[in-house]
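Participant: My questions concern the predicted model and sequence given below.
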Amino acid sequence: MKALCWYGTGDVRVETVPDPKILNSRDAIVKITSTAICGSDLHLFDGYMPTMEEGDILGHEPMGVVAEVGKDVKNLKVGDRVVVPFTISCGECFFCEREMYSLCDNSNPNAAIARAAMGHSPAGLFGFSHMLGGYAGGQAEYLRVPFADVGPLKIENDSLTDEQVLFLSDIFPTGYMAAENCGIEKGDTVAVWGCGPVGQMTIQSAWMLGAERVIAMDMVPERLAMAEKHGKAETVNFQDEKVYDRLMEMTKGRGPDRCVDAVGAEAHATGSLDSALDAAKAAVYLGTDRPHVIREAIMCCRKGGTVSIPGAYVGVMDKLPLGAMMNKGLTIKTGQTHVQHYNKPLLKKIEAGEIDPSFIITHRVKLDDAPEAYKTFRDHEDGCIKVVLKP
């Protein structure tokens, strides 16, 4: 089969690799019909994620048709149309029983590596390094899905297109969980850093959960325009204005009630000393993350407010304003998304017409064109916000 493989920083290639096989009785093989490039894939593309190996297959936002099932997978059959969550979860451990699926105890065969880096291992993830399982990803013609009796979401409504439901694999549940983690109350102002795909879904979800105002920060004109048009958000271009000063002006000095870092490890800032230092450290391998947004969100959030972090981080960081966090009484909520907890109720919202997540797609390309699409996405060229690949 064809698959998009990682060979180093900025080097991804479409290669012919062996077809996946059933390795466990709870496996399924899915023929991919649509898959997407995620913002967190860029952390791999840009070389920030450790434990990547040459030839690793990327991608964690796939859907398709079941081609084969293991003997213990009773809920799926060949021909079923499914969305595959990026989190791999056993459904039986302490955390899965509590629907904290991204913390599964049993799905990461390389848990020792993750424990050394994090203290404990989260769940295995598709296409996201050997520290998180070494699983082949879904930017390919076929995908082996472990614990297929727990993960895939069947799409039984034939009137729904792939593009309407594809993002139930990751960014729609991620944006929704980010907004839910805010604990939004009546009258709240929610500030969202980053108008990329997760930020756009967070904006939509904040309205669903009762926000009175949503303010969104970015520097890319197309992203800001999408946040205004589809998200009905007030926007701030951080290239033109100082975010802290503008948010204080917009909230009469109090600050936003809820703040969301939808950016993650590769934050940019204009004229910011801390961001320049972060970038310099990363360039010489003295740091892994550029946490400017977390710092800014902590400083901007009102006293007693909440900072939610769906943005993906991969390592350690410094100059975090812990004093401000503590003295302002902030609540910090983070985490990889418990996709299986959210995707069924969010599917109902799509079916009911409350949201059509396909508005976010700007580019549709063949799998063969994925290497160039990665560069276009990373460099914000051609108005690129979200890329869907068709194997």
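Facilitator: Alright, I've got the coordinates.
Participant: how about R223, secondary structure?
Facilitator: Reduced to three states with DSSP: H, G, I helix; E, B strand; the rest coil, the structure at R223 is helix.
Participant: All the helices of the stretch 1-150 of the chain, in order from the start?
Facilitator: 41-45, 94-97, 111-118 (DSSP state H, counting those that start in this stretch).
Participant: Could you chop this structure up by domain?
Facilitator: With domains defined by automatic domain parsing, the chain comprises 2-169+337-390, 172-334.
Participant: Mean pLDDT lowest where, among the ones you listed?
Facilitator: Among the domains of the chain, domain 172-334 carries the lowest mean pLDDT, a mean of 89.
Participant: Distance from that one to the middle of the chain?
Facilitator: What separates the centre of domain 172-334 from the centre of its chain is 15 Å, taken as C-alpha atoms, centre = their mean, to the nearest Å.
Participant: Now do the end-to-end distance for that domain.
Facilitator: 16 Å (C-alpha to C-alpha, to the nearest Å).
Participant: Kindly report the same for stretch 111-131.
Facilitator: Start-to-end, stretch 111-131 (C-alpha to C-alpha) is 7 Å.
Participant: for that stretch, which positions count as buried?
Facilitator: For stretch 111-131, burial by neighbour count (16 or more other C-beta atoms under 10 Å) applies to 111, 113-114, 121-131. From N, CA and C alone the C-beta is placed, and that goes for glycine too.
Participant: Can you give me every residue that contacts the nearest residue to G138 once chain neighbours are set aside?
Facilitator: Among residues not flanking G138 along the chain, P62 sits closest, at 2.9 Å (C-beta to C-beta, 6 or more residues apart in numbering). Residues near P62 by C-beta atoms under 8 Å, 6 or more residues apart in numbering: 30, 32, 34-36, 83-84, 126, 137-139, 143, 169.
Participant: and what of Y244?
Facilitator: Y244 neighbours (C-beta under 8 Å, 6+ apart): E296, M299, C300.
Participant: how much space between it and T251?
Facilitator: Going from Y244 to T251 by C-beta to C-beta, to the nearest Å gives 11 Å.
Participant: Indicate which one of the helices of the stretch 1-150 of the chain is closest to K349.
Facilitator: Counting by C-beta to C-beta, K349 lies closest to helix 94-97 out of those; the figure is 23.7 Å.
Participant: Alpha carbons only: can I get that closest one in CSV?
Facilitator: What follows is helix 94-97, C-alpha atoms only, in CSV (Å, rounded to 0.1, in the frame of the first residue of the first chain):
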residue,chain,number,x,y,z
PHE,A,94,-9.0,2.0,35.5
PHE,A,95,-9.0,5.0,33.2
CYS,A,96,-11.1,3.6,30.3
GLU,A,97,-13.8,2.5,32.8
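Participant: what's next to that helix, contact-wise?
Facilitator: Taking contacts as C-beta under 8 Å, 6+ apart, the residues outside helix 94-97 that touch it are S89, C90, Y101, L103, C104, D105, V150.
Participant: my read: S358 touches I171, true?
Facilitator: No. S358 lies out of contact with I171 (C-beta atoms under 8 Å); the separation is 11.8 Å.
Participant: Show me which of those two is the more surrounded one.
Facilitator: Per other C-beta atoms under 10 Å, whichever of S358 and I171 has more neighbours is I171, with 29 against 17.
Participant: Which residue ranges of the stretch 251-391 of the chain form helices?
Facilitator: Using DSSP H, counting those that start in this stretch, the helices of the stretch 251-391 of the chain run over residues 273-283, 292-300, 322-327, 339-351, 370-378.
Participant: just the ones you listed: most buried one?
Facilitator: Mean neighbour count (mean count of other C-beta atoms under 10 Å) peaks for helix 292-300 among those, with a mean of 25.
Participant: helices or strands next to that helix in the packing?
Facilitator: The contact analysis (3 or more C-beta pairs under 8 Å, 6 or more residues apart in numbering; DSSP states H and E) places helix 292-300 against strand 189-193, helix 243-250, strand 258-261, helix 273-283, strand 306-309, helix 322-327.
Participant: for these, which one sits closest to Y342?
Facilitator: Nearest of those to Y342, taken as C-beta to C-beta: strand 306-309 at 14.5 Å.
Participant: Can you list the neighbours in contact with that closest one?
Facilitator: Here strand 306-309 has contacts from 178-179, 181-183, 257-261, 294, 297-298, 301, 325, 330-334, using C-beta under 8 Å, 6+ apart.
Participant: Buried among these? Make that a ChimeraX selection.
Facilitator: Restricted to buried positions by 16+ other C-beta under 10 Å, the ChimeraX selection for these reads:
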select :178,179,181,182,257,258,259,260,261,294,297,298,301,325,330,332,333
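Participant: can you pull the buried residues of stretch 85-102?
Facilitator: The neighbour-count check on stretch 85-102 (16+ other C-beta under 10 Å) flags 85-91, 93, 95-96, 100-102 as buried.
Participant: The contacts of P62 in strands, which ones?
Facilitator: V30, I32, S34, T35, A36, V83, L143 (DSSP state E).
Participant: Pull the most distant pair out of the residues you listed.
Facilitator: V30 and A36 (14.8 Å).
Participant: residues near the residue lying closest to D218 once chain neighbours are set aside, how many?
Facilitator: Spatial nearest neighbour of D218, excluding adjacent residues (C-beta to C-beta, 6+ apart): C195 at 3.9 Å. By the criterion of other C-beta under 10 Å, C195 has 28 neighbours.
Participant: Angles on the backbone of C195, please.
Facilitator: As for C195, its main-chain torsions (degrees, to the nearest 10) stand at phi -110, psi 30.
Participant: Could you export stretch 247-263 as CSV, CA atoms only?
Facilitator: What follows is stretch 247-263, C-alpha atoms only, in CSV (Å, rounded to 0.1, in the frame of the first residue of the first chain):
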residue,chain,number,x,y,z
LEU,A,247,-7.9,42.0,26.1
MET,A,248,-7.8,44.2,29.1
GLU,A,249,-9.4,47.0,27.0
MET,A,250,-12.1,44.6,25.7
THR,A,251,-12.9,43.3,29.2
LYS,A,252,-12.6,46.6,31.1
GLY,A,253,-9.5,45.5,32.9
ARG,A,254,-10.9,42.2,34.4
GLY,A,255,-9.5,39.8,31.8
PRO,A,256,-11.3,36.9,30.0
ASP,A,257,-13.0,34.5,32.3
ARG,A,258,-11.8,31.4,30.4
CYS,A,259,-8.6,31.2,28.3
VAL,A,260,-7.7,28.4,25.8
ASP,A,261,-4.3,27.6,24.4
ALA,A,262,-5.2,26.0,21.1
VAL,A,263,-1.6,26.5,19.7
